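Colleague: Sequence plus the predicted model coming up.
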Amino acid sequence: MLFATVFVACAVEAVEALTIVLAAGTSRHWGSALQGTGAALVALAATVGALGPAIGLIPLGGLRLVVGGLLLVFGLQWLRKAVLRASGHKALHDEEVRYAKQVAAAEAAEAGGRGAVRDWYAFTLSFKGVFLEGLEVAFIVVTFGTNQHDVPVAVLGAVAAVAVVAGVGVAVRAPLAKVPENTMKFAVGTMLTAFGLFWSTEGTGADWPGADAALLVIVPAVAILAAGCAALLRRHGATGAAA
Amino acid sequence: MKRRLRAFCAFWYDFVVGDDWRIALGVVLALGATAGLVAAGVNAWWLPPVVVVALLALSLRGATRR
């Protein structure tokens, strides 16, 4: 029973982290997204190793508020651009030019040190997603494990859940690469906005109706909102052009 | 040194705030207001979604009117 409970709870958290990593990797740069994931796992291991059972004392609410708030801002910016592109108000490939400017500015700022990370955006997104969800997994393991006086079984449940979800991630990576670019950016904006909205709201202390299940409503609602905005702007643009 | 510092700050501003600063400000204000309502005993989970709809609409309106 303990194994199944921890498995399901950790699988939910792992799916949330996987969504962010897939979004960052597919739409930006896989290498940087995986580097962010690796760095987050190292930071997570160091945190868990240093704190041990005291990990339950970390203020997860504050962390959710900051990470969720940043994801929400990122997501809304992505969604805004994707809607403008889909409705013909913005060129489809301006992102690369802008990104090249950002990299040039960052390189100029870092005294010639190029670093090993090619895309800091993808790195940071993956890092935040994996670190936050990883902490939640650790929190679940410590809470359930100590309450049931069987931490090893709780650890096994968590490891199994993360392994299964990671396997699913590897399996869906190739099919995702075939999705058209702006459709993918639309999806990424939707996922970042939905998860950012969910986490940041939880971080303020508010409770979503249905807890984690609220995401099943938030994600499609954000997608419908963005698609509706794109359709409205397209129609407005067509009317304007005809007038 | 000053030029590098400016470039560094510009990079992070662009990275975090992006094209429309009103989105970032709106999100911060909305989350602050939600936290305030929660502290006052109101489960204001509905406020951030309402603000997200308004922010996206306002930002798109601003971008298409330029």
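Modeller: Nice, I can see it.
Colleague: residue ranges of the helices in chain B, please?
Modeller: For chain B, the helices defined by DSSP state H cover B:2-16, B:21-39, B:47-65.
Colleague: what about dumping the CA coordinates of the first one to CSV?
Modeller: Just to be clear, that refers to helix B:2-16. Backbone C-alpha positions of helix B:2-16 (Å, rounded to 0.1, in the frame of the first residue of the first chain) are rendered in CSV as follows:
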residue,chain,number,x,y,z
LYS,B,2,30.1,49.5,-17.1
ARG,B,3,29.3,48.2,-20.6
ARG,B,4,29.5,44.6,-19.5
LEU,B,5,27.4,45.3,-16.4
ARG,B,6,24.8,46.9,-18.6
ALA,B,7,24.8,44.0,-21.1
PHE,B,8,24.5,41.6,-18.2
CYS,B,9,21.5,43.4,-16.7
ALA,B,10,19.9,43.7,-20.2
PHE,B,11,20.3,40.0,-20.7
TRP,B,12,18.6,39.1,-17.5
TYR,B,13,15.8,41.7,-17.9
ASP,B,14,15.1,40.3,-21.4
PHE,B,15,15.3,36.8,-20.0
VAL,B,16,12.9,37.3,-17.2
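Colleague: Can you give the distance of that helix from its chain's centre?
Modeller: 19 Å (Cα atoms, centre = their mean, to the nearest Å).
Colleague: Now do that helix against helix B:21-39, angle only.
Modeller: With axes from the mean of the first three to the mean of the last three Cα atoms, to 10 degrees as the basis, helix B:2-16 and helix B:21-39 are set at 60 degrees to each other.
Colleague: got it, and the last one?
Modeller: Note on geometry: by the same axes, to 10 degrees, helix B:47-65 and helix B:21-39 are set 170 degrees apart in direction.
Colleague: Where does chain B get nearest to chain A, residue-wise?
Modeller: For chain B and chain A, the shortest gap (Cβ to the nearest Cβ) falls at B:Phe8, measuring 3.4 Å. For every residue, glycine as well, the C-beta is placed using N, CA and C.
Colleague: if we can go back for a sec, could I get the helices of chain B as CSV with mean neighbour count and distance to A:Ala227?
Modeller: CSV is the format used below for these (neighbours: other Cβ atoms under 10 Å in any protein chain shown; distance: least, Cβ to Cβ, whole Å):
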stretch, mean neighbour count, distance to A:Ala227
helix B:2-16, 13, 27
helix B:21-39, 17, 19
helix B:47-65, 17, 12
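Colleague: so which of the ones you listed comes closest to A:Val42?
Modeller: Proximity to A:Val42, assessed across the helices of chain B by Cβ to Cβ, is greatest for helix B:2-16 (22.3 Å).
Colleague: Rounded mean pLDDT for that closest one, please.
Modeller: Predicted confidence along helix B:2-16 averages 75 (mean pLDDT).
Colleague: Which neighbouring elements make contact with that helix?
Modeller: Applying 3 or more Cβ pairs under 8 Å, 6 or more residues apart in numbering or on different chains; DSSP states H and E, one finds that helix B:2-16 contacts helix A:94-109, helix A:120-147.
Colleague: Compare the mean pLDDT across those and name the weakest.
Modeller: Here the lowest mean pLDDT among the helices and strands packed on helix B:2-16 goes to helix A:94-109, at a mean of 51.
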